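[1] Whatever this is, show me its structure:
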Amino acid sequence: MTGELRRAAFGDLPAPVPALLTRAQAPRAKLLAAIVLGAQGRYAAAAALLTELGRERDPVVAAHSLTTLASHRRQLGGHAAARPRDAAALRLASSVDLSADAGEDPDGLDARGALADALLGLAADSVGAGRPAVARRFASAAAPHLTSWRTRVRAGWVAAEIEFVDGRPAAAVDPAETAFQLATAAGASRHVVKSGLVLAAALAETGAVDRARDLVSDAVGATEKYELRSLAWPACLLAARLWPETANHHRFRVDAVLHAVLLRSDPEGRRLAGESPWVPV
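    Residues are numbered from 1 along each chain as shown. Sure thing, here's the model as predicted:
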């Protein structure tokens, strides 16, 4: 079962049956299930698992659970709410002796991955607060711990986002391209979609509209195939911008997906989305 959950979380398994997620019992299996639930926009179910796992005695599992919940809060526009979770994850991950950590988890669900995720999460939180200089420091601190394809992909997203908030969209292209290529090589469908959207946004700002449209078109199709509601509405927002002649159609899809997501969110998630300037609720 864990193999299927990994494929759903970090690979090419589309829309796993609900029973696969509800049967997870071991802490790491529950973590993988929560990652998939968040990707599907089922934030309440994910938060229930992650809150429980955040109290695990294993600091690595607890740290990954906290950073995953933090990322779900950011997906709903709650960067400030994500920050204390990332900070708590950093404290836990920093307590682990990295020299004794094998660091061989294929997707970075190990101690170094937990440390990298916490630092990259804090960088992303700082991006949301409009503090690119602080974000750069956190991203730089994460660099020595990027030992998996997944953390390197996340680092590419964060690097691109830092350039965006710093008013340098052209500088966002290279890290976004790197993340896209790494995700593609790993066969990680969800990461390919997000990387493609980050890259498309950067390319659109630099005038490379044709490739940006190709990337967004592929992303929209993949969000439907894999039921990635957490990425479907950002993809449709970008589509509305790139195809102004059919913008209303894409915005209608944004509204429909967000409605479904918020119905499946916990109260904090709904509140954060309602308060966020980035989530068009």
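[2] per-residue confidence averaged over stretch 229-236?
    Averaging pLDDT along stretch 229-236 gives 98.
[3] residue contacts, S265?
    41, 43-44, 76, 273 (C-beta atoms under 8 Å, 6 or more residues apart in numbering). C-beta: built from backbone N, CA, C; applies to glycine.
[4] what's the spacing between it and E224?
    20 Å (C-beta to C-beta, to the nearest Å).
[5] now S99
    For S99, the distance to E224 - C-beta to C-beta - is 45 Å.
[6] Could you identify the most distant pair in the contacts of S265?
    Greatest spatial distance in these: A44 and A273, 12.6 Å, computed using C-beta to C-beta.
[7] Compare those two (neighbour count), which wins?
    A273 (22 against 15; other C-beta atoms under 10 Å).
[8] can you list contacts of the strand or helix carrying that one?
    A273 belongs to helix 267-275 when assigned by DSSP states H and E. For helix 267-275, the external contacting residues (C-beta under 8 Å, 6+ apart) are 43-44, 47, 72-73, 76-78, 81, 258, 262, 265, 279, 281.
[9] In that helix, which residues are buried?
    When burial is assessed from 16 or more other C-beta atoms under 10 Å, helix 267-275 yields the following buried residues: 269-270, 272-273.
[10] ok, now stretch 238-245?
    238-240, 242.
[11] okay, now S140: neighbour count?
    11.
[12] I'd like the distance between it and T246.
    41 Å.
[13] and the spatially most central residue of the chain, what is it in contact with?
    Centroid-nearest residue in the chain: S71, 5.8 Å away (criterion: C-alpha atoms, centre = their mean). Going by C-beta under 8 Å, 6+ apart, S71 touches 38, 82, 121, 124.
[14] Work out for me the element the last one sits within.
    A124 belongs to helix 111-128 when assigned by DSSP H and E.
[15] Settle this for me: A114 is touching S65, isn't it.
    No. Taking C-beta atoms under 8 Å as the definition, A114 is not a contact partner of S65, at 9.6 Å.
[16] quick one: the helices in the stretch 151-281 of the chain?
    For the stretch 151-281 of the chain, applying DSSP state H, counting those that start in this stretch gives helices covering 173-186, 189-206, 209-225, 229-242, 247-263, 267-275.
[17] Nearest to L92, out of these?
    Nearest to L92, of the helices of the stretch 151-281 of the chain and by C-beta to C-beta, is helix 267-275 at 21.1 Å.
[18] in the stretch 101-250 of the chain, which segments are predicted with low confidence?
    For the stretch 101-250 of the chain, the stretches flagged by pLDDT under 70 are 101-103.
[19] run the last query once more with 80
    Low-confidence segments of the stretch 101-250 of the chain (pLDDT under 80): 101-104.
[20] What about the contacts of S265, which are in helices?
    Of the contacts of S265, the ones assigned to helices by DSSP state H are 43-44, 273.
[21] returning to what we had before: need the helices of the stretch 151-281 of the chain in a markdown table (columns: distance to V134).
    Below are those laid out as a markdown table (distance: least, C-beta to C-beta, whole Å):
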| stretch | distance to V134 |
| --- | --- |
| helix 173-186 | 18 |
| helix 189-206 | 20 |
| helix 209-225 | 29 |
| helix 229-242 | 24 |
| helix 247-263 | 29 |
| helix 267-275 | 21 |
